[in-house]
Every structure is written in structure tokens, then in C-alpha cells.
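Colleague: Next comes the sequence, and after it the predicted model I'd like to discuss.
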Amino acid sequence: MSKKLSTDETSLIGSWVEKRGTLKQDAVCERIQWLIDSYFKQVAVDGDNWSALYINPDDGSYWELTYPYSHMHGGGPPTLQRITKDHAKKRYVIGSG
């Protein structure tokens with residue numbers, strides 16, 4: 001399986017799994033981490049909402065990284081979701097390009 005996104009993917013939702021009494025990231029969490037560390041380009045960060053905006057260099061699509069489980073340590077496992085350029089402009093300070 002490629003770590004890059006396919007054109008039909010719209011979201012990646014990570015989970016934590018228990019292994020031998022400790023919580024570990026699942027393969028989706030690891031894929032999200034690879035995408036944001038090694039492939040996507042970070043465009044903006046919203047420190048108030050623990051989110052960040054990335055762009056996919058393959059097609060220019062915008063992807064938002066969030067931690068939607070506020071009741072869990074560190075916001076819980078990550079979610080990476082494709083968002084429209086208009087939505088990105090409303091949520092983040094980005095260029096008009």
C-alpha cells in the first residue's frame with residue numbers, strides 16, 4: 001500500500017489500539033504522521049483549535065489535521081481530512097494563490 005493518498009480518499013481517521021496494556025498508534029496514525037512530516041507542505045497552523053492546514057503537492061488539495069477527541073490526552077488520535085479551498089480560507093490565513 002502506498003502512503004500517498006489516492007484521488008478518492010477524503011479522510012484518514014487514526015485510532016489508538018491497546019497492545020500489552022499500553023495504547024499504540026494504528027497504521028492510519030502512522031500514515032498521517034508520514035504525510036505531514038515527509039510529504040505534505042504545511043500552510044498554516046491554528047494553535048487555538050489544535051489544527052493545521054496542509055497542501056498535497058500532487059494535486060494542490062487542502063488537508064486539515066485535527067485532534068477531535070478533546071477529552072483524551074493530547075486530543076487523542078489525529079484525523080486528516082480534505083477540505084475545500086474556500087473552507088481553508090475561512091479557517092486559516094492563507095495566500096490567494
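Modeller: Great, that's in hand.
Colleague: which SS class is residue 28?
Modeller: Secondary structure, DSSP: H, G, I helix; E, B strand; the rest coil: residue 28 is helix.
Colleague: Tell me how far it lies from residue 34.
Modeller: 11 Å (C-beta to C-beta, to the nearest Å). C-beta coordinates here come from the backbone N, C-alpha and C atoms, glycine included.
Colleague: now swap in residue 7 and tell me
Modeller: As for residue 7, its distance to residue 34 is 18 Å (criterion: C-beta to C-beta).
Colleague: quick one, which of those two is more surrounded?
Modeller: residue 34 (13 against 8; other C-beta atoms under 10 Å).
Colleague: Then that one would be within a helix, right?
Modeller: Yes - inclusion of residue 34 in a helix is indicated when three-state DSSP is applied.
Colleague: do you know how far it is from residue 54?
Modeller: According to C-beta to C-beta, residue 34 and residue 54 sit 12 Å apart.
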